[in-house]
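Enquirer: This is the structure alone, sequence omitted:
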């Protein structure tokens with residue numbers, strides 16, 4: 001065998017895995033779970049995908065000629081990223097705990113990070129006009145369950161139930177955390 005040429009960051013391999021993970025390819029998840037470069041690129045993809053959620057409100061404000069308001073909304077990206085990172089790491093941690101405790105999972109927390117961060121590209125579906133947010137949520141739960149199934153060695157139904165329930169509970173909490181709309 002010829003020795004592989006090492007590069008510090010392999011974007012070509014990681015970007016190919018990114019779309020394979022988003023389309024529920026279990027082989028890509030297994031190859032990515034022990035790749036330290038996947039976490040680096042996953043953080044970049046995660047930040048971009050989560051930040052895109054503010055693209056629609058900013059573009060609406062710019063189209064209405066309200067540039068000052070668009071700048072204010074765009075500047076809240078840091079707050080959005082901190083909140084999203086906190087919530088997503090809490091979800092991953094709770095699912096990891098239940099996978100280890102209830103289902104006797106065999107994976108490590110760090111093995112979950114690479115595939116899940118790369119799979120967060122599905123958040124970009126939220127940009128679709130009508131059902132984008134719903135599609136992004138369903139795709140995120142599917143990627144979440146697939147990663148837990150592969151990393152922890154869970155049965156598919158067990159992974160879907162654990163990840164689906166945790167994400168559903170967080171969804172309900174987020175709905176009730178919003179202030180009531182004035183009438």
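Expert: Great, that's in hand. Everything numeric in this text was worked out from a predicted model, so none of it was measured.
Enquirer: List of residues touching stretch 168-182?
Expert: The contact list for stretch 168-182 (Cβ atoms under 8 Å, 6 or more residues apart in numbering) reads 87, 90, 91, 137. All C-beta atoms are positioned from the backbone trio N, CA, C, and that covers glycine.
Enquirer: Now residue 106: phi and psi?
Expert: phi -110, psi 0 (degrees, to the nearest 10).
Enquirer: Might you report the residue contacts of the closest residue to it other than its chain neighbours?
Expert: Take residue 106 and drop its neighbours on the chain: the residue closest to it by Cβ to Cβ, 6 or more residues apart in numbering is residue 153, 5.1 Å away. Applying Cβ under 8 Å, 6+ apart, we find residue 153 in contact with 105, 106, 107.
Enquirer: Quick check: residue 153 vs residue 31, distance?
Expert: 16 Å (Cβ to Cβ, to the nearest Å).
Enquirer: again, but for residue 86
Expert: If you measure residue 86 against residue 31 using Cβ to Cβ, the figure is 29 Å.
Enquirer: the more surrounded of those two?
Expert: residue 31 (17 against 10; other Cβ atoms under 10 Å).
Enquirer: Not counting sequence-adjacent ones, nearest residue to the more buried one?
Expert: residue 17 (6.6 Å).
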